[in-house]
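Undergrad: sequence unavailable; structure follows:
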């Protein structure tokens, strides 16, 4: 795991004390709220409230036009096709709108493109297929905002189009359509715009039947929560309310397909973390490994006898995904072991024949986490076309970097932290050189991965009461991550294996305070510390349940020697990395680090 720079949050202690007193909340919690930007009284009320407050769907520009176009198609008996996407957000969007329109009496079908053969978004061949189904209206969910040529083709085929999407507009232009519903339009009246695709589809459903908004919420809020979590949307404002209510539905009245997941959960309550790690990857796996349409069918399953089979289908597909992912990761690790130059570069670029395009992004994410560097994993198909997926670290803009290398690429796109590329196989080596030249010329010091510590804390405060108090901050997710506490100068007493040797449990002590801490995916053999070492730990705490009793769970996120001089380490590492990547460095500094 890459060595991370620890950054401790700060907060206005007087303001935190005032919030604690006014709202009768734990002082630790109020400090954490203020450090996360919840400062004003009204922000605190909204953050702490259990009420579900929803803004008007007609605050979206074009929403009324979208409603009119869809009702016109229903009334005229036109066939409607929902055009979705193969990821979790796209699948939940498709499921929600298909079910809603079916219940409205619409003649509705759906189309989800193949990740492997078609890629993301509308494409001309798919439009031709949909036209052959005698479709009159296409509604996109989670895509379409930049499909200018495809939109024109839809109208050339005699069909009409309604776009619902949440991705950024390319240049404020809008494709031809009856309506374009997107939270990032400048002419919206929205006070909050960070909805995911299924969030926008949900708003459309409410707009079509405002009188029954409560029933729509009850029927679909779990799907909206799943899509919001899967697409890593910030859990603020309306998203926080959506996810909170979605979790409540999971625990009180779960959808048939989700019941086995809830029953299998070891803890008493299904949480945002459970959705993120148990539900979302399994829905995504359908689209990564095969046909995402199967995921829609399973989500809409209304036969209780079929729910267990659906649960097994999701697990089986996810197991296949994990196996393929592990095979690629192992192959990449062999490459890096055999060619140290690959990992010494500022940007890691690796490739392999037959790498499954559905999982290379996950592998890239694992490598970025392990090595602390931007990473491209490229799969080469039988035609010699190479498609890659990349993940980055905060501070290194991937989209800017690949844009500078566009002459090497056939296609590219993405964001600062994630991107995709397509290139000829004989351009891979040149691309590797060019993107590293860009990195070395534009970043004199490559950004270092960071770990945010919410608060330094004495081990004496680690108890069930604190874990219970912190639950007020849930649901956790993007923009509101699980609390990480810094526990400093702990003496390591012992280390023992757990979970068939895959994980470890540590016993640590500071004065009269003893704690037990678990570190997952860490073996005793590879653990770099020994009894007697003085350690700093970044930990997350929670509650675990066993044999009817509740226990404090303490999980290590990161560990380092207390004697570590972080500033000195990173300054010398920057010199060393530059030397390994370019052969150039300040000679006076090189002598200090014995290269």
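TA: Cool, the structure landed. Bear in mind the structure is a predicted one, so any value in this text is a computation, not a measurement.

Undergrad: ok, residue 498 - contacts?
TA: By Cβ atoms under 8 Å, 6 or more residues apart in numbering, the contact list for residue 498 reads 504-505, 518. (Each C-beta comes from the backbone N, C-alpha and C, glycine too.)

Undergrad: then residue 353?
TA: If you count contacts by Cβ under 8 Å, 6+ apart, residue 353 has them with 379-380.

Undergrad: can you check residue 135 too?
TA: Counting by Cβ under 8 Å, 6+ apart, residue 135 makes contact with 78-81, 109, 159.

Undergrad: per-residue confidence at residue 53?
TA: pLDDT, residue 53: 82.

Undergrad: OK, contacts around it?
TA: Counting by Cβ under 8 Å, 6+ apart, residue 53 touches 46, 238, 241.

Undergrad: which of the contacts of residue 498 sits closest to residue 454?
TA: Nearest to residue 454 among the contacts of residue 498 is residue 518, at 19.2 Å by Cβ to Cβ.

Undergrad: secondary structure class for the closest one?
TA: Following DSSP: H, G, I helix; E, B strand; the rest coil, the label given to residue 518 is strand.

Undergrad: then residue 172?
TA: In three-state terms, and counting by three-state DSSP, residue 172 is coil.

Undergrad: how close does it get to residue 185?
TA: Using Cβ to Cβ, to the nearest Å, one obtains 9 Å as the distance from residue 172 to residue 185.

Undergrad: ok, these two, which is more surrounded?
TA: Each of residue 172 and residue 185 has its neighbours counted (other Cβ atoms under 10 Å); residue 185 has more, 17 against 9.

Undergrad: hmm, back to that, just the buried residues of the contacts of residue 135.
TA: Among the contacts of residue 135, those classed as buried by 16 or more other Cβ atoms under 10 Å are 78-81, 159.

Undergrad: closest to residue 415 out of those residues?
TA: Within these, the smallest distance to residue 415 is 28.5 Å, found for residue 81 (Cβ to Cβ).

Undergrad: so where do the helices sit in the stretch 201-350 of the chain?
TA: Listed in chain order, the helices of the stretch 201-350 of the chain (DSSP state H, counting those that start in this stretch) span 213-230, 237-252, 259-264, 272-274, 280-289, 292-299, 304-338, 340-344.

Undergrad: point out the most buried one among these.
TA: Of all these, helix 280-289 carries the top mean neighbour count, a mean of 24, counting by mean count of other Cβ atoms under 10 Å.

Undergrad: which elements pack onto it?
TA: helix 88-103, helix 213-230, helix 292-299, helix 304-338 (3 or more Cβ pairs under 8 Å, 6 or more residues apart in numbering; DSSP states H and E).

Undergrad: what angle do it and helix 304-338 make?
TA: 70 degrees (axes from the mean of the first three to the mean of the last three Cα atoms, to 10 degrees).

Undergrad: now helix 280-289 against helix 88-103, angle please.
TA: Using the same axes, to 10 degrees, the direction of helix 280-289 lies 90 degrees away from that of helix 88-103.

Undergrad: quick one: contacts of helix 280-289?
TA: Residues contacting helix 280-289 (Cβ under 8 Å, 6+ apart): 85-88, 90-92, 112, 115, 226, 229-230, 292, 294-295, 298-299, 314-315, 317-318, 320-321, 324, 356, 358-359.

Undergrad: that one: how far from the chain's middle?
TA: Between the centre of helix 280-289 and the centre of its chain there are 13 Å (Cα atoms, centre = their mean, to the nearest Å).

Undergrad: and the angle from it to helix 292-299?
TA: Using the same axes, to 10 degrees, helix 280-289 lies at 150 degrees relative to helix 292-299.

Undergrad: so residue 563 makes contact with residue 534?
TA: Yes. Residue 563 is within contact range of residue 534, at 6.9 Å (criterion: Cβ atoms under 8 Å).

Undergrad: who's more crowded, these two?
TA: For residue 563 versus residue 534, neighbours defined as other Cβ under 10 Å are more numerous around residue 534 (15 against 10).

Undergrad: leaving out the residues flanking it, which one is nearest to that one?
TA: residue 562 (4.4 Å; Cβ to Cβ, 6 or more residues apart in numbering).

Undergrad: what number of residues lie near the one you found?
TA: Neighbour tally, residue 562, other Cβ under 10 Å: 13.

Undergrad: give the contact list for it.
TA: Listed by Cβ under 8 Å, 6+ apart, the contact set of residue 562 reads 488-490, 534-536.

Undergrad: could those residues go into CSV alongside pLDDT?
TA: Formatted as CSV, the contacts of residue 562 follow (pLDDT from 0 to 100):
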residue, pLDDT
488, 96
489, 96
490, 97
534, 97
535, 97
536, 96
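
Undergrad: how much space separates the nearest residue to residue 294 once chain neighbours are set aside from residue 121?
TA: Using Cβ to Cβ, 6+ apart and skipping residues adjacent in sequence, the residue nearest residue 294 is residue 286, 5.4 Å away. Applying Cβ to Cβ, the value for residue 286 to residue 121 is 18 Å.

Undergrad: swap in residue 461?
TA: Residue 461 sits 50 Å away from residue 121, going by Cβ to Cβ.

Undergrad: kindly report the same for residue 95.
TA: Relative to residue 121, residue 95 is positioned 19 Å away (Cβ to Cβ).

Undergrad: tell me the SS of residue 118?
TA: Residue 118 is classified as coil under three-state DSSP.

Undergrad: before we move on, the earlier item: ok, residue 461 and residue 121, which is more surrounded?
TA: Between residue 461 and residue 121, residue 121 has the larger neighbour count (other Cβ under 10 Å), namely 20 against 14.

Undergrad: quick one on the thing from earlier: and the contacts of residue 135 as TSV, adding pLDDT and secondary structure?
TA: Below are the contacts of residue 135 laid out as TSV (pLDDT from 0 to 100; DSSP: H, G, I helix; E, B strand; the rest coil):
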residue	pLDDT	secondary structure
78	97	coil
79	98	strand
80	98	strand
81	98	strand
109	97	strand
159	98	coil
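
Undergrad: now, which of those residues sits nearest residue 39?
TA: Checking the contacts of residue 135 against residue 39 by Cβ to Cβ gives residue 80 as the nearest, at 45.7 Å.

Undergrad: for that closest one, name its beta-bridge partners.
TA: Under DSSP bridges, the beta-bridge partners of residue 80 are residue 108, residue 137.

Undergrad: residue 140 is in contact with that one, correct?
TA: No. With contact defined as Cβ under 8 Å, residue 80 does not reach residue 140; the gap is 11.7 Å.

Undergrad: any idea how far the nearest residue to residue 32 once chain neighbours are set aside lies from residue 235?
TA: Using Cβ to Cβ, 6+ apart and skipping the chain neighbours, the partner closest in space to residue 32 is residue 454 (5.6 Å). The gap separating residue 454 from residue 235 is 16 Å, by Cβ to Cβ.
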